[in-house]
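K.L.:
coordinates only, sequence not included:
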């Protein structure tokens, strides 16, 4: 039998090995190329989204300048401007006394008496409550509130309240209209010490002001809407129409807190009518400004320079904002729920408002027993508490937060530069700080800023003289700018 020889396959040559290795390397390169392409594509898409939604300036949104907010679909033909007076009613004071008698004082806990970090301190509130219960001069305060002329008129279906004060000057003094816009939990009353300064001739200036101070829709004596959607943008339109009805096509604006947001929107929407914008809450609320703030935590001094401690470390600032923004989250989501509590209890209403006066005037006040409640006149705070109480308007006032958070238009307007000449007043203990260059992304014609070594969020109550003086300085700057 002949055995068949099996021919052995010679070992692979070096060349063959190189071909195999080359094939494997080619596959790896393709995978790497694919992964890289995907990453580049995702980064590109992310950058595009950041550009579109954060950096790019959008067009002005379509807004109905005559939208009807009244309770009836039939538009009222009443175009009058009616005198209005705040009334004192005996039953109002008697009703409060009965509610005061049912106030249940909480037991004191020794571990909670060191400061006000749990909220308004029981001893400090006890003193405030005693003054309200036994010493608040109801009739005198009503007379004081009526010291200026009040009016009401219908704007877009809402019965709007405003204070109107004209200066008494000779023909050689120029008179400029100025709209003063309050925030929350403020009222028109905040400006009572500012008004006489603005309407009185001041050395070095050849002008004074005709002052208009409206109550925001749903706040104290201005009618609340029964419709959804009345956000700061829509209020900006209402106030512009109010000024037009009074007879002023062009005017200046001063505002803080919500008044800053509304005033900023007015300047953005009506740059040909707003001659200048003065704010005591200087903030750029855009997404871009917030992104720069976050990225700036890597190099704080690059963003804020010598004032980096006012913006960073970001962990401390975020912790503070989260701790003190509980009220904002509540009002921005369930204003009617907390409204039942505040509408039914004058003591609860006072405590809720005093907590904001305490923290917003100076955040360190919560580390003291007094809570800084001696920083603002107790009579001034009681006036505002009383105005919300007797009008039953706290719920409708708080709804503005929910409408603001739900409005896409608010985010759009925040990204649109405001061309109107602007001036900022910074008080030392204001909640937020942004350097001028960051403000100029929103307010490119920011002509100047003034910094005070004291004061907090409630400039009109805390520093009325300084606020009024800065308004004069700002308006002079606005006028000089417009002459160029």
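P.N.:
Okay, I see it. The structure presented is a predicted model; accordingly, all values stated were derived computationally and were not measured.

K.L.:
what ranges do the strands span in this protein?
P.N.:
Applying DSSP state E to the chain gives strands spanning 81-84, 150-155, 158-165, 174-181, 207-214, 251-255, 274-279, 422-426, 446-451.

K.L.:
quick check, distance from the third one to the centre of its chain.
P.N.:
Relative to its parent chain, strand 158-165 has a centroid offset of 21 Å by Cα atoms, centre = their mean, to the nearest Å.

K.L.:
Residue numbering should commence at 30 henceforth.
P.N.:
Sure, I'll start numbering at 30, so the last one becomes strand 187-194.

K.L.:
what pLDDT does the nearest residue to residue 420 once chain neighbours are set aside get?
P.N.:
Spatial nearest neighbour of residue 420, chain neighbours left out: residue 249 (4.7 Å); criterion: Cβ to Cβ, 6 or more residues apart in numbering. The C-beta positions use only the backbone N, C-alpha and C, and glycine is treated the same way. We have a pLDDT of 98 for residue 249.

K.L.:
Take the strands of the chain and write them to JSON lines, including mean pLDDT and distance to residue 412.
P.N.:
JSON lines is the format used below for those (pLDDT from 0 to 100; distance: least, Cβ to Cβ, whole Å):
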{"stretch": "strand 110-113", "mean pLDDT": "98", "distance to residue 412": "17"}
{"stretch": "strand 179-184", "mean pLDDT": "98", "distance to residue 412": "14"}
{"stretch": "strand 187-194", "mean pLDDT": "98", "distance to residue 412": "14"}
{"stretch": "strand 203-210", "mean pLDDT": "99", "distance to residue 412": "16"}
{"stretch": "strand 236-243", "mean pLDDT": "99", "distance to residue 412": "14"}
{"stretch": "strand 280-284", "mean pLDDT": "99", "distance to residue 412": "20"}
{"stretch": "strand 303-308", "mean pLDDT": "99", "distance to residue 412": "24"}
{"stretch": "strand 451-455", "mean pLDDT": "99", "distance to residue 412": "23"}
{"stretch": "strand 475-480", "mean pLDDT": "98", "distance to residue 412": "27"}
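
K.L.:
can you put the ones you listed in TSV and add distance to residue 290 and mean neighbour count?
P.N.:
Shown next, in TSV, are the strands of the chain (distance: least, Cβ to Cβ, whole Å; neighbours: other Cβ atoms under 10 Å):
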stretch	distance to residue 290	mean neighbour count
strand 110-113	26	14
strand 179-184	19	19
strand 187-194	18	21
strand 203-210	9	21
strand 236-243	15	23
strand 280-284	8	26
strand 303-308	10	26
strand 451-455	14	25
strand 475-480	17	16
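
K.L.:
In the stretch 30-179 of the chain, what residue spans correspond to helices?
P.N.:
For the stretch 30-179 of the chain, the helices defined by DSSP state H, counting those that start in this stretch occupy 43-79, 119-130, 151-163, 167-174.

K.L.:
what packs against the last one?
P.N.:
Here helix 167-174 is seen to pack against helix 407-420 when contacts are counted using 3 or more Cβ pairs under 8 Å, 6 or more residues apart in numbering; DSSP states H and E.

K.L.:
just how off-centre is the helix it packs on within its chain?
P.N.:
Relative to the chain's own centre, helix 407-420 is displaced by 21 Å; criterion: Cα atoms, centre = their mean.

K.L.:
helices or strands up against it?
P.N.:
helix 151-163, helix 167-174, helix 375-390.

K.L.:
Quickly, which of those bottoms out on average pLDDT?
P.N.:
helix 151-163 - the lowest mean pLDDT of the helices and strands packed on helix 407-420, at a mean of 90.

K.L.:
Any buried residues in that helix, and which?
P.N.:
151, 153, 154, 157, 158, 161 (16 or more other Cβ atoms under 10 Å).

K.L.:
Please give the number of neighbouring residues around the closest residue to the fifth one other than its chain neighbours.
P.N.:
In space, residue 158 comes closest to residue 376 once its chain neighbours are excluded; the distance is 6.7 Å by Cβ to Cβ, 6+ apart. Each residue near residue 376 was counted by other Cβ atoms under 10 Å, and the total is 19.

K.L.:
Mind putting the helices of the stretch 30-179 of the chain into a markdown table with distance to residue 225?
P.N.:
A markdown table is the format used below for the helices of the stretch 30-179 of the chain (distance: least, Cβ to Cβ, whole Å):
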| stretch | distance to residue 225 |
| --- | --- |
| helix 43-79 | 49 |
| helix 119-130 | 28 |
| helix 151-163 | 25 |
| helix 167-174 | 13 |
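
K.L.:
Out of those, name the one with the poorest average pLDDT.
P.N.:
helix 43-79 (a mean of 72).

K.L.:
wait, doesn't residue 457 sit right on residue 485?
P.N.:
Yes: with contacts counted by Cβ atoms under 8 Å, residue 457 reaches residue 485, the gap being 7.5 Å.

K.L.:
more crowded one of these two?
P.N.:
residue 485 (25 against 13).

K.L.:
you'd agree the more buried one is up against residue 387?
P.N.:
No: taking Cβ under 8 Å as the definition, residue 485 is not a contact partner of residue 387, at 9.9 Å.

K.L.:
what's the span of stretch 440-453, first residue to last?
P.N.:
This stretch, stretch 440-453, spans 21 Å end to end (Cα to Cα, to the nearest Å).

K.L.:
quick one: the residue nearest to residue 158 and residue 125 touch, right?
P.N.:
No: using Cβ under 8 Å, residue 376 makes no contact with residue 125, being 9.8 Å away.

K.L.:
Setting aside sequence neighbours, what's the nearest residue to residue 295?
P.N.:
Closest to residue 295 by Cβ to Cβ, 6+ apart is residue 265, at 4.5 Å.
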